[in-house]
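> Sequence isn't available, so here's the structure alone:
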């Protein structure tokens, strides 16, 4: 059952209301704030603050700041004007419950509307992105089509230029230019044999190709002149020229000399007089012995590691207590509990470990464990003391804290009689403590039917 916090600081203007609630030592990260237009709640376990507001506020324009040990609420009023109080005083519990439920329904409706609006905006953005992607792809296709069209026009233009240049350089029958024929032969990426027949095939193919092209684009020459064959002398001249050009082309290419032969000697490990199968079996036996020895050595090493701790400080109760204090300061309550428990396992006479572990249990809501640790700390301090006068001032202060903490835990569990007895014990040790007096008065008021 949470402890209801009633103490607060309230101030206001015509447009805003300011509320400050103390966190009572609770970590700011554990505070949870909820607000709708008629109700506000701050949950910081084990404490709870809630208030039905005097008038309606705008939750979207209101803010909450958690820090410096308090929660500061700034509530924006729907209607301007002074409230003069935070809570309404002329409404019954049933009216407040109904008003709170209506405010919750309005808050849920606003949240639903906001979610639908967010989904609608997201869908519109998606459609917009899809449309933009379609436009980009359409532009890319148009660009590709334009490039294809330009390339086709460029190719057709080059074909037309080639046809015009070829028709302008046609030869008269009986006259042959050696350079075009030689050029055609050089463009053929082939290797010529030393035989005349191979060269004759290449030359005839090139020459016939040129003549066929001349026949296609010639309009004024007669058919008999265009079909004339080369004479034997012309063929011989072409063969000689091609041979000279191919020899000059391959003359600079010097072939590397053949590799020199050599013998590779392969040696094998000498196994002595033993045959090969017997030697292999002996090697396998040796390996089995070595593997077994390695297993035994590894097992011994592991057992030694298990028996010996990794850190000698883990056996020092003072070190473990300091470690628990460090965890407690950082807010790692479970880690602090583990450290204090390890310290008490080594030395159970450290009453501060019990008291600090009780704080951790209280922070985590383990009220029963907190009650037990407080009792253990009280017993350790009071052990051997026959009267209160025998206690040192530090021990009195420690006992007063333990009695008050145990009483607070009993109050959280609604065990009012035990809580009152513990607070009376605490006041007996520290009579001038005003906070203990106020807590005792609250417990007595809660105890009354």
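Nice, I can see it. Given the structure is predicted, the values throughout are model-derived calculations rather than measurements. Residues are numbered from 1 along each chain as shown.

> From now on I want contacts and neighbour counts done on CA atoms only, so please keep to that.
Will do.

> any chance you could map the helices in the stretch 1-150 of the chain?
Along the stretch 1-150 of the chain, counting by DSSP state H, counting those that start in this stretch, helices occupy 93-168.

> residue ranges with poor pLDDT in it?
Across the stretch 1-150 of the chain, the ranges flagged by pLDDT under 70 are 1.

> any low-confidence regions in the stretch 151-300 of the chain?
168-230, 249-255, 270-282, 284.

> quick one, helices of the stretch 201-350 of the chain?
Under DSSP H, counting those that start in this stretch, the stretch 201-350 of the chain gives helices at 223-226, 232-251, 276-307, 317-330, 333-346.

> contacts for the last one?
It refers to helix 333-346. Applying C-alpha atoms under 8 Å, 6 or more residues apart in numbering, the contact partners of helix 333-346 are 315-318, 320-321, 323-328, 350, 353-354, 356-357, 360-361, 363-364.

> Can I get the buried part of the residues you listed as one PyMOL selection?
To isolate the buried ones among these in PyMOL, judged by 16 or more other C-alpha atoms under 10 Å, type:
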select buried, resi 317+318+320+321+323+324+325+327+328+350+353+354+356+357+360+361+363
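
> Output the longest strand belonging to this protein.
strand 57-67 (DSSP state E).

> Could you name the helices and strands sitting against it?
With contacts taken as 3 or more C-alpha pairs under 8 Å, 6 or more residues apart in numbering; DSSP states H and E, strand 57-67 sits against strand 70-77.

> Run through the neighbouring helices and strands of the strand it packs on.
Counting by 3+ C-alpha pairs under 8 Å, 6+ apart, strand 70-77 packs on strand 16-22, strand 57-67.

> Mean neighbour count and distance to residue 49 for the ones you listed - can I get that in a markdown table?
Below are these laid out as a markdown table (neighbours: other C-alpha atoms under 10 Å; distance: least, C-alpha to C-alpha, whole Å):
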| stretch | mean neighbour count | distance to residue 49 |
| --- | --- | --- |
| strand 16-22 | 18 | 8 |
| strand 57-67 | 16 | 14 |
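
> Which among these is found nearest to residue 268?
strand 57-67 (81.7 Å; C-alpha to C-alpha).

> Residues in contact with that closest one: which ones?
Identification of contacts with strand 57-67 by C-alpha under 8 Å, 6+ apart yields 28, 31, 33, 35-38, 71-79.

> now with 6 Å?
The contact list for strand 57-67 (C-alpha atoms under 6 Å, 6 or more residues apart in numbering) reads 28, 36, 37, 71, 72, 73, 74, 75, 76, 77, 78.

> Got a ChimeraX select line for the buried ones in those residues?
Command for ChimeraX, covering only those of the contacts of strand 57-67 found buried under the criterion 16+ other C-alpha under 10 Å:
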select :28,36,37,71,72,73,74,75,76,77
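
> Closest to residue 244 out of the contacts of strand 57-67?
The nearest member of the contacts of strand 57-67 to residue 244, counting by C-alpha to C-alpha, is residue 28 at 97.9 Å.

> Distance of the closest one relative to residue 18?
According to C-alpha to C-alpha, to the nearest Å, residue 28 and residue 18 sit 19 Å apart.

> re earlier: could the helices and strands packed on strand 70-77 be laid out in CSV, adding distance to residue 131?
Below are those laid out as CSV (distance: least, C-alpha to C-alpha, whole Å):
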stretch, distance to residue 131
strand 16-22, 46
strand 57-67, 35
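
> Out of the ones you listed, which gets nearest to residue 84?
Of all the helices and strands packed on strand 70-77, strand 16-22 comes closest under C-alpha to C-alpha, at 10.0 Å.

> by how many degrees do the closest one and strand 57-67 diverge?
An angle of 40 degrees separates the directions of strand 16-22 and strand 57-67 when computed by axes from the mean of the first three to the mean of the last three C-alpha atoms, to 10 degrees.

> partners of strand 16-22 in the sheet?
Strands that pair with strand 16-22, judged by DSSP bridges, come out as strand 9-12 (antiparallel), strand 70-77 (antiparallel).

> Rebuild those as JSON lines, extending it with distance to residue 49.
Converted to JSON lines, those look like this (distance: least, C-alpha to C-alpha, whole Å):
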{"stretch": "strand 9-12", "distance to residue 49": "12"}
{"stretch": "strand 70-77", "distance to residue 49": "10"}
